[in-house]
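*Asks:* this is a predicted model, with the sequence first.
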There are 2 protein chains.
Amino acid sequence: MDNKEKILQTALYLYSNNGFDSVGIQDIVDRSGVTKPTLYHYFNSKEGLIEELLDSQYHNLIRRLNISANYSGDLPLTINKTVKTFFNFAKNNREYYRILLYLQYLPVDNRWSEVSREYILKIFKTLDDMFEKMATHHGNLKGKNKNLTVSFMGVINSYINLYLNDPGKLNEDLAFTVSHQFMHGIYA
Amino acid sequence: MDNKEKILQTALYLYSNNGFDSVGIQDIVDRSGVTKPTLYHYFNSKEGLIEELLDSQYHNLIRRLNISANYSGDLPLTINKTVKTFFNFAKNNREYYRILLYLQYLPVDNRWSEVSREYILKIFKTLDDMFEKMATHHGNLKGKNKNLTVSFMGVINSYINLYLNDPGKLNEDLAFTVSHQFMHGIYA
DNA sequence: TTTTTTGTATACCTAAAGGTATAATAGTTG
DNA sequence: CAACTATTATACCTTTAGGTATACAAAAAA
C-alpha cells in the first residue's frame, strides 16, 4: 500500500469515528507514518482529502443501487433487493457509510454539508425514480414518490445507524422484516 | 433579556446552523454583544454551555412525549398523537430540534456524542415503552418494540430533517399520512 | 548522463481555538 | 456606610489548527 492509499485509509478510519472537525491533519499523518507535505502533495487541502475520500466508494454504492432499484414489475422484490443493497453496502463499508450518515444530518450551513450534498441528493434521486416507476403499476403510489423516498431512507438509515457497530444484525432476515413492514405496515 | 439568556439564544442559533465545532466562543460572544468572561461566568466552559442548551428545551419535549405516547387502548390515536407531537415540537423549536438531529447521527467517538447520548436514549426508551404496552393488546407487535422504535424515529426524523426549513409542511395532514403509512404500509 | 519530475522531511508560519488573570463596576447584605 | 458578591471588560495565555518555504533524494525523461 503506497502512502496515498495509507493516508486515505487512515483518514477514513479517523473521520468515520470522530467527524471531520475533530480530526486534524496532524492526527492523520502521524497515524499514517508520513508527514504533512506528503499529504498536501496528494490532496492539496483538507477539503481535497475529504472530497477524494467521499468519491472513493461512492460510485460503488450508486452502481449497486442502480441495479437493485431497477424496478421492472415486481415491487416486493425490488424493495427487498434495495434494502439488502443498503444493508450489505453498509456492512462492507462501515466506516464509509458512517460518514454518509453523519453528513446527511449535518446542519445546513456547516462547511462539510456542501461538499457532500450532491452525493446525498443522487441517492435520493435514484430512489425517487424507483418509486415513480412503481407508481405506473400501482396507482395508489402515484404522486407519493417523495414521501416514499423519505420514509424509506429514514427507516433504512435508522437501522443502519443502530446496528453499524454490530453489523451481523444487518442480515437478510432484518432486510426482509424491514421490507415487509415498509410495504404492509406494523400490523401485518 | 439578560446576558445569560442572550448568550443561550445566540448559541442555539449558531450551533443549530453550523454545528458545535464550527462555532467558536468568540463568535457567540460577539453576536451576543458581550465578552468572553461573561460567558465563562455563566457557563464555565463550552461544554457547560452546550449542556445547558440541550437541557433548556429537553424537558419540554419529554413532557409532551410522555403525554402523547401514553397508550391506553387506541393504537392509531396514540401513534398519530405522537407523530404530531414530534412535528409540532420540531416546528416550534426548529433550532433546537436541528441540534437533536445532528447529535443523533454523530460518530460514536465524537466529543459531543457523549454529552447528548442520554437525551437520545430517553426518547427511544419512551417510545420503546409505548410499543411494549401496545403489544399487550396487539399480539403481532410482541417482541418487536425495538424495531418499531427504530423505524418510527427513523421515519419521523427523516421527514423533519427534510422539512425543517419549510416547517409549514410539518402539518396535521403529513402527520396523518405518516402515521397511516407506518401502520398500514405503502399500499394502503 | 544530465535534467526534470515526483515524493518526502525539517522546520516554520499565521490564525484561531478555548480559556484566564486582573481589575473595575454594580448591586446586595450586614 | 462597609463588606461582600455578582457581573463585566481589557488584555493576555497556551495549544492546536491548517498550511507552506526550503531542501533533498529517488525515479523518469531527455
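*Replies:* Yep, it's here. Numbering: from 1, shown residues only, chains lettered A, B, ... in the order given.
*Asks:* for DNA strand D, what's the nearest residue on chain A?
*Replies:* Nearest to DNA strand D in chain A, going by CB to the nearest atom of the strand, is A:Gly24, at a distance of 3.0 Å. In this view, the C-beta of every residue, glycine as well, is placed from N, C-alpha and C.
*Asks:* quick check, pLDDT for that residue.
*Replies:* Note on A:Gly24: pLDDT of 98.
*Asks:* repeat for the one 10 residues further on
*Replies:* A:Val34 is assigned a predicted lDDT (pLDDT) of 97.
*Asks:* so it, which state does it fall into?
*Replies:* Secondary structure of A:Val34, reduced to three states by DSSP: H, G, I helix; E, B strand; the rest coil: coil.
*Asks:* list the residues that contact the residue nearest to it when sequence neighbours are not counted.
*Replies:* Once flanking residues are discounted, A:Val34 sits nearest to A:Asn3: 5.3 Å by CB to CB, 6 or more residues apart in numbering or on different chains. Contact partners of A:Asn3, counting by CB atoms under 8 Å, 6 or more residues apart in numbering or on different chains, are A:Ser32, A:Val34, A:Thr38, A:Tyr42.
*Asks:* count of neighbours near the first one?
*Replies:* The reference is to A:Ser32. A:Ser32 has 20 neighbours, counted by other CB atoms under 10 Å in any protein chain shown.
*Asks:* which residues are in contact with it?
*Replies:* Applying CB under 8 Å, 6+ apart, the residues near A:Ser32 are A:Asn3, A:Lys6, A:Ile7, A:Gln9, A:Thr10, A:Leu39.
*Asks:* so what's A:Leu53 up against?
*Replies:* A:Leu8, A:Ala11, A:Leu12, A:Tyr15, A:Ile99.
*Asks:* select only the buried ones of those residues in PyMOL?
*Replies:* The buried residues among the contacts of A:Leu53 can be selected in PyMOL (16 or more other CB atoms under 10 Å in any protein chain shown) with this line:
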select buried, chain A and resi 8+11+12+15+99
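*Asks:* make a markdown table out of the contacts of A:Leu53 and add pLDDT and secondary structure.
*Replies:* Shown next, in a markdown table, are the contacts of A:Leu53 (pLDDT from 0 to 100; DSSP: H, G, I helix; E, B strand; the rest coil):
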| residue | pLDDT | secondary structure |
| --- | --- | --- |
| A:Leu8 | 98 | helix |
| A:Ala11 | 98 | helix |
| A:Leu12 | 98 | helix |
| A:Tyr15 | 98 | helix |
| A:Ile99 | 98 | helix |
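*Asks:* which one among the contacts of A:Leu53 gets closest to A:Asn80?
*Replies:* A:Ile99 (26.0 Å; CB to CB).
*Asks:* ok now do that closest one, which residues does it touch?
*Replies:* For A:Ile99, the contact set (CB under 8 Å, 6+ apart) comprises A:Leu12, A:Tyr15, A:Ser16, A:Leu53, A:Leu54, B:Pro107.
*Asks:* and those, which two are furthest apart?
*Replies:* Spanning the widest gap among the contacts of A:Ile99 are A:Leu54 and B:Pro107, at 15.0 Å by CB to CB.
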